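Colleague: A predicted structure for the sequence below; I have some questions about it.
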Amino acid sequence: MPSTERTYELAEIREALGRARGVEAVVGCQRNELREVWYHYEVLGTVQTGDFIPINPDFTGTRGPGKGCPSTGIKYLPKETSE
């Protein structure tokens with residue numbers, strides 16, 4: 001849940017995202033704030049007409065599941081809206 005007060009652990013965020021989709025997610029942070037979420041897919045057929053099959057990411061040769069994220073103290077801030 002977005003909050004200006006609470007912070008989260010990377011493992012906690014990834015576990016919640018994985019539970020929601022059934023596959024692992026990769027997250028990206030800037031200044032300890034959650035900014036991006038990626039899910040990976042295999043495509044059977046063409047991009048235009050194929051089936052997208054959710055898969056777990058392959059972290060071989062990458063910086064891991066939390067690009068730029070600390071293991072604790074991650075902020076998930078509410079979106080600001082202008083009226």
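Modeller: That came in fine, so what should we check first?
Colleague: distance check, the nearest residue to residue 74 once chain neighbours are set aside against residue 50.
Modeller: Spatial nearest neighbour of residue 74, chain neighbours left out: residue 8 (4.8 Å); criterion: Cβ to Cβ, 6 or more residues apart in numbering. In this view, the C-beta of every residue, glycine as well, is placed from N, C-alpha and C. Taking Cβ to Cβ, to the nearest Å as the measure, residue 8 falls 35 Å from residue 50.
Colleague: those two: who's more crowded?
Modeller: residue 8 (18 against 12; other Cβ atoms under 10 Å).
Colleague: list the contacts for that one?
Modeller: 34, 74-76 (Cβ atoms under 8 Å, 6 or more residues apart in numbering).
Colleague: rerun that using 10 Å as the cut-off
Modeller: 1, 14, 16, 34, 69, 72-76 (Cβ atoms under 10 Å, 6 or more residues apart in numbering).
Colleague: what of residue 5?
Modeller: Counting by Cβ under 10 Å, 6+ apart, the residues that residue 5 touches are residue 75.
Colleague: what do you get for residue 2?
Modeller: Shown in contact with residue 2 (Cβ under 10 Å, 6+ apart): 34, 75-79.
Colleague: now the two most distant members of those residues.
Modeller: The span of those, defined through Cβ to Cβ, is set by 75 and 79 at 12.8 Å.
Colleague: the more surrounded of those two?
Modeller: residue 75 (16 against 5).
Colleague: lovely, talk soon.
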